[in-house]
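> Take this sequence and fold it.
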Amino acid sequence: MNPILVFPDPPPPQLAQLLDLGDHMWKAVGNSSIAMAQAPEGGWAGAIICADVDPEGAFGLCRLLRKGDAPVEGVLLLISGSQLAELEHREDLFDDFCLTPFHPAELEARIRHVQFRAGRGARPAAITTYSGLEINTETYQAAVDGRPLDLTYMEYELLRFLVTNPGKVFTREQLLSRVWGYDYYGGARTVDVHVRRLRAKLGEEQANLIQTVRSVGYRFGQSRWSKTVS
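Below is the predicted model:
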């Protein structure tokens, strides 16, 4: 799989962390010449261009990508709210945009949307199930064995994130970043409180789906490295 083109180099730390946590392959470039010289065979698997860092360089790179000098499948533009007026008459330079500072869940969704439109990857299923637990990502609803769960928005977001990453261990800091956002100033106790509430609402039989990994954080479901008895 070819990497996603990211501008500038180095990218904002929040963006780099989100791409790493999301297991995206990516490569940062500092200018249009490098983007053209290092373009992989078959083209870049999308581009994330930060226009709030270097607007002139960002839009220049977008123009080059649209000309086809450095093949790319889908351009996602990151801009600040004060730059919205700069998008006028430039709609042809990008496929989607996201305002900064961004919420990790929103940016991840926009990355998937751009990749889907470009033919990279399939549209995620609206309903995800795991051991009697059902999550509907279109209606923001969850149920256990057909019993609807009365969840707050953040409880739902935390559960959705864990369910869609089964078996993977996340620290409390990672969960704060991916679910609450990088600009959230709450501490690790926020995660613990929400996990405790989720377990209570899941019920006795399903509560152990969210497992505590001592001295690390939390995991949903079984680890792929579960011990086997010979």
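> Count the neighbours of the nearest residue to residue 222 once chain neighbours are set aside for me.
In space, and not counting its chain neighbours, residue 222 is closest to residue 167: 6.1 Å by Cβ to Cβ, 6 or more residues apart in numbering. C-beta here means a position set from N, CA and C on the backbone, and glycine is covered the same way. If you count neighbours by other Cβ atoms under 10 Å, residue 167 ends up with 13.
> my read is residue 167 is in a strand, agree?
No: with DSSP: H, G, I helix; E, B strand; the rest coil as the criterion, residue 167 is coil rather than part of a strand.
> Quick check: it vs residue 179, distance?
Using Cβ to Cβ, to the nearest Å, residue 167 is found at 18 Å from residue 179.
> Kindly report the same for residue 55.
30 Å.
> Same check on residue 141?
Per Cβ to Cβ, residue 141 is found 18 Å from residue 179.
> Which one's more surrounded, the two?
Neighbour totals were compared for residue 141 and residue 179, and residue 179 leads with 22 against 14 (other Cβ under 10 Å).
> show me what contacts the more buried one?
Counting by Cβ atoms under 8 Å, 6 or more residues apart in numbering, residue 179 touches 104, 105, 154, 157, 158, 161.
> try it again with 7 Å
Taking Cβ atoms under 7 Å, 6 or more residues apart in numbering as the contact definition, residue 179 lies against 105, 157, 158, 161.
> Arrange the residues you listed in JSON lines, one row each, with secondary structure, pLDDT and distance to residue 79 as further columns.
Shown next, in JSON lines, are those (DSSP: H, G, I helix; E, B strand; the rest coil; pLDDT from 0 to 100; distance: Cβ to Cβ, whole Å):
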{"residue": "105", "secondary structure": "helix", "pLDDT": "82", "distance to residue 79": "19"}
{"residue": "157", "secondary structure": "helix", "pLDDT": "89", "distance to residue 79": "24"}
{"residue": "158", "secondary structure": "helix", "pLDDT": "93", "distance to residue 79": "28"}
{"residue": "161", "secondary structure": "helix", "pLDDT": "89", "distance to residue 79": "26"}
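> Those: which two are farthest apart?
Largest separation among the contacts of residue 179 by Cβ to Cβ: 105 and 158, giving 10.4 Å.
> Looking at those two, which is more packed in?
Using other Cβ under 10 Å, the more surrounded residue of residue 105 and residue 158 is residue 158, with 25 against 16.
> Let me see the mean pLDDT of stretch 197-206.
If you average the pLDDT over stretch 197-206, you get 93.
> swap that for stretch 22-40, please
90.
> So that it lines up with my notes, have the first residue be 35 from now on.
Sure, I'll start numbering at 35, so the last one becomes stretch 56-74.
> just how off-centre is it within its chain?
19 Å (Cα atoms, centre = their mean, to the nearest Å).
> How about stretch 48-63?
Using Cα atoms, centre = their mean, the offset of stretch 48-63 from its chain centre is 10 Å.
> Distance across stretch 121-130, terminal residue to terminal residue?
11 Å (Cα to Cα, to the nearest Å).
> Pull the distance from that stretch to the chain's centre.
Distance, centroid of stretch 121-130 to centroid of chain: 22 Å (Cα atoms, centre = their mean).
> which ones are touching residue 200?
Taking Cβ under 7 Å, 6+ apart, we find residue 200 in contact with 164, 254, 255.
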